[in-house]
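Colleague: Whatever this is, show me its structure:
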Amino acid sequence: MKKRQRGVAIVEFALILPFLLVLTFITTEFGRAIWQYNTLTKSVRDSARYLSIQTPEDPLAIAKARNLTIYGNLTGTGTPLAAGLTTSNVPSPTWQTAGSGPVIKTVTVRITNYTFDSMFVSVFGLPFGAVTFSDISATMRSYL
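Modeller: Sure, this is the predicted structure:
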């Protein structure tokens, strides 16, 4: 009886290995996408916080906030926080006023149409496509 069972484990492992690899790749890419989304959310929040203490619609402050969103610093040096993030993904911030007493001013910073590209085009014939984060935004109260 033992002679018939010899090699069964390796055959079962060989049959299940492709599914385990696909599951591993999917989990890795999903984790990368969440990490990327979190990075973009934090950069938008930092830019909104920066603009909340700047003069509304100041062109220099807007340029610095855009650099903060893309590069993580005010000077716009280094590599972008997210691969493929450009100035076309960061429209001009908007200021809004609400209420009449007290008047509340807010500033909103957005990232639009950013595409997260997967490391793998396909795994075992299963297509992995790009994911587009259509709108990531942060709104904060403006103090000026």
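
Colleague: All the strands of the protein, in order from the start?
Modeller: In the chain, the strands defined using DSSP state E lie at 94-98, 104-116, 122-123, 126-127, 131-141.

Colleague: Now do the lengthiest helix in the chain against strand 104-116, angle only.
Modeller: Longest helix of the chain, by residue count under DSSP state H: helix 8-51. Angle, helix 8-51 to strand 104-116, by axes from the mean of the first three to the mean of the last three CA atoms, to 10 degrees: 150 degrees.

Colleague: which residues touch the spatially most central residue of the chain?
Modeller: Nearest to the mean C-alpha position of the chain, by CA atoms, centre = their mean, lies residue 37 at 2.6 Å. When contacts are counted by CB atoms under 8 Å, 6 or more residues apart in numbering, residue 37 touches 116, 133, 136. For the C-beta atoms, the positions are set from N, CA and C on the backbone; glycine is no exception.

Colleague: Quick check: bridge partners of the first one?
Modeller: For residue 116, the beta-bridge partners under DSSP bridges are residue 131.

Colleague: Neighbours of residue 98, how many?
Modeller: Residue 98: 8 surrounding residues under other CB atoms under 10 Å.

Colleague: and if you look at residue 82?
Modeller: By other CB under 10 Å, neighbour count at residue 82 equals 20.
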